[in-house]
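A.B. asks: Coordinates for the following, if possible.
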Amino acid sequence: MPPTPATSPETGAAASAGADREPLGQVDLSAHRPAAAELSRAAELTAGELLAPPAPVRLGDVVPAPEQVRPDPTADFALPADAAVRVGPDPDARDVAEQLAELLRPATGYPLPVVVEATATGGPLVLTLAAATPPAGVPRPRTAPEDAAGVDAGELGVEGYRLDVTPTGVRISADTATGLFHGVQTLRQLLPAAVESPSPVAARWVVPGGLLVDRPRFPYRGAMLDVSRHFFGVADVLRVIDHLARYKLNHLHLHLTDDQGWRIAVDSWPALTTVGGATEVGGGPGGFYTGADYRRIVRYAARRHVTVVPEIDLPGHTNAALTAYPELAPDRVAPPPYTGTEVGFSYVDPASERTYDFVADVLGEVAAITPGPWLHIGGDEAFKVKGAAYTGFVERTQRIVAGTGKTVIGWHQIAPAGHAEGRVLQWWGTDGADPVVAEAVRRGARLILSPGNHAYLDMKYAPDTPIGHDWAGLIDVRRAYDWDPGTHVAGVPADAVLGVEAPLWTESVTTLAEIEFMFLPRLPAIAELGWSPRTTHGWAGFRERLAGHGQRWATAGIAFHRAPEIPWPAERDGADTPPTALPTPPATPTPTG
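C.D. replies: Residues are numbered from 1 along each chain as shown. Model (predicted):
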């Protein structure tokens, strides 16, 4: 499939893909590009919508839905201009306080100093690390069986928080800095949408009163970005991390290697990037992350309590590696670089000891610069490595991963291989009846669920979506939301489900604006399935809560698809609906990590 242009009828003029990315070779589809007048009108209408009086935010208007909500209409809080953020001396908690201040300063124009106290008590904004006990009449948050930490019923666990809003201030309490960070993201949503403005706005910054008690259903909640088919620079990846953190997604899976490009530097095999990283779909220049680039991504993610999961796809999807090192090929002949979109034709030689030297070197170096617990080994669509040759390769690679101190993740095709302690299968099927995977679970595997017909964000929204695929069907927002990870795969109990992940493959996605367009508004749907208790799920309520986020995204300069099934505020107010083309998002500021 040829790459699509950087501008489409729905995304509008594309955002910059980051200062470190060169322009891509593209097919001229100028007939499909909106005229300048259309984009100008879109910008005018969007700006007019932003100036319209926003609907008041309610305490329950949070995505993902909190576990417990107790509104108190008499307890609304207005942030004063002289407010400070008060926090205890724990350095991780202090960093969350700094991030809260960084979030609020641009739009409010308030100085918002961070004040460190031995015991943070009263004040307009207080963050505290302490086990939070709900008051009388509020049920304690239940213990999720998936929590590896084994939290007690009275604890919020490693990610939970409690948020209290009274007329005198907002207090976020948690057992960990991660919980505080999630509470900050909830507070962000409870403020007016104008809080997303990069410059001061004359507004009254009111937070609805009451109490939230919240923590996740599943410990693993993530999204995958394929940087192999099209390469995306560091700045783009950092912005993606921001989108994940906004909705309490805590894992970024980077698909770093494939037939079209190798994207992570490996010192002991330098040609992987100098040769294998020089291509991408459609013949563009490709690119790769140096060790310093990758560490920057990991550091930025960690500050936002997101774990990076690197994937080195093996034994298939390896044409770029074979071009760089033909000694790994079964016939020892270097194939030409590949810039198409077919799959299943390439593989490293599973019978060669040199292959396992390569696997050990690559996985060892990637593990050494990855602080998270996971290494993803791919394992999908290795159509030419069959039977014992395939399972033997996977089993040996699993042992190599264990030797690095990491836990292996693989696509669900690795299910027939022998079990390795703690291993995780990422399931991307479209039919919940999968007895091979169910058997692997009985042998001890856990699942990350990424059903292709619900969670694959490279699927089109509708037949006329200008980018994306439809092999797994069309995925509108309701289809992304209407499934239950706890019961989706037959024979797999909920306590074997580690979590959910929304993959975005990029054969047709070429810019940051197009990433955002395919992510939003479906990514929050997957986030809610992973975070919120099943009892809170319901399409009618979700679409109403999600509708208010369009104004937030537009204010922040984030591209998104104005899905017709969502009652965006302009529609609800009876105003003309802005066209789906969005003005170009502003240049992404250089994030600090």
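
A.B. asks: The worst-scoring helix or strand of the chain on mean pLDDT: what's the following helix or strand?
C.D. replies: Least confident helix or strand of the chain, by mean pLDDT, DSSP states H and E, is helix 36-51 with a mean of 43. Scanning forward in sequence from helix 36-51 by DSSP states H and E, the next helix or strand is strand 68-71.

A.B. asks: what's the distance between that next one and the middle of its chain?
C.D. replies: 27 Å (C-alpha atoms, centre = their mean, to the nearest Å).

A.B. asks: likewise stretch 74-90?
C.D. replies: 29 Å.

A.B. asks: and it, which residues are buried?
C.D. replies: For stretch 74-90, burial by neighbour count (16 or more other C-beta atoms under 10 Å) applies to 75-77, 79, 83-88, 90. In this view, the C-beta of every residue, glycine as well, is placed from N, C-alpha and C.

A.B. asks: Equivalent analysis for stretch 344-354, please.
C.D. replies: Within stretch 344-354, the residues that count as buried by 16+ other C-beta under 10 Å are 345-350.

A.B. asks: quick one on the thing from earlier: just name the closest of the buried residues of stretch 74-90 to residue 253, please.
C.D. replies: Residue 253 lies nearest to residue 90 out of the buried residues of stretch 74-90, by C-beta to C-beta, at 29.4 Å.

A.B. asks: Report the beta-bridge partners for the closest residue to the closest one other than its chain neighbours.
C.D. replies: Take residue 90 and drop its neighbours on the chain: the residue closest to it by C-beta to C-beta, 6 or more residues apart in numbering is residue 129, 5.5 Å away. Beta-bridge partners for residue 129, by DSSP bridges, are residue 174.

A.B. asks: Is residue 129 in contact with residue 176, as I believe?
C.D. replies: Yes: in terms of C-beta atoms under 8 Å, residue 129 counts as a neighbour of residue 176; the distance is 7.2 Å.

A.B. asks: now the buried residues of stretch 344-354 as JSON lines including pLDDT, secondary structure and distance to residue 538?
C.D. replies: Output for the buried residues of stretch 344-354, formatted as JSON lines (pLDDT from 0 to 100; DSSP: H, G, I helix; E, B strand; the rest coil; distance: C-beta to C-beta, whole Å):
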{"residue": "345", "pLDDT": "98", "secondary structure": "coil", "distance to residue 538": "45"}
{"residue": "346", "pLDDT": "98", "secondary structure": "coil", "distance to residue 538": "45"}
{"residue": "347", "pLDDT": "98", "secondary structure": "strand", "distance to residue 538": "45"}
{"residue": "348", "pLDDT": "98", "secondary structure": "coil", "distance to residue 538": "47"}
{"residue": "349", "pLDDT": "98", "secondary structure": "coil", "distance to residue 538": "52"}
{"residue": "350", "pLDDT": "98", "secondary structure": "coil", "distance to residue 538": "48"}
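
A.B. asks: What is the most widely separated pair among the residues you listed?
C.D. replies: Farthest pair in the buried residues of stretch 344-354 (C-beta to C-beta) is 345 and 350. Separation: 15.5 Å.

A.B. asks: Quickly check the buried residues of stretch 74-90 for the two that are furthest apart.
C.D. replies: 76 and 90 (29.5 Å).

A.B. asks: picking up where we left off before, the residue nearest to residue 90: how many residues sit nearby?
C.D. replies: 21 (other C-beta atoms under 10 Å).

A.B. asks: Could you report the neighbour count for residue 512?
C.D. replies: Residue 512 is flanked by 27 other residues according to other C-beta under 10 Å.

A.B. asks: Tell me how far it lies from residue 292.
C.D. replies: Per C-beta to C-beta, to the nearest Å, residue 512 is found 21 Å from residue 292.

A.B. asks: what's near enough to touch the closest residue to residue 209 other than its chain neighbours?
C.D. replies: The shortest distance from residue 209 to any non-neighbouring residue, by C-beta to C-beta, 6+ apart, is to residue 75 (2.6 Å). Residue 75 makes contacts with 165-167, 209-210, as judged by C-beta atoms under 8 Å, 6 or more residues apart in numbering.

A.B. asks: what's near enough to touch the residue in the chain sticking out farthest from the centre?
C.D. replies: Going by C-alpha atoms, centre = their mean, the residue of the chain most distant from its centre is residue 331, 38.9 Å out. Contact analysis of residue 331 by C-beta under 8 Å, 6+ apart lists nothing.

A.B. asks: Let me know the helix or strand that it is in.
C.D. replies: For residue 331, there is no host helix or strand (DSSP H and E).

A.B. asks: what comes up buried for the helix or strand containing residue 437?
C.D. replies: According to DSSP H and E, residue 437 maps onto helix 435-442. Buried residues in helix 435-442, defined by neighbour count with 16+ other C-beta under 10 Å: 437-438, 440-441.
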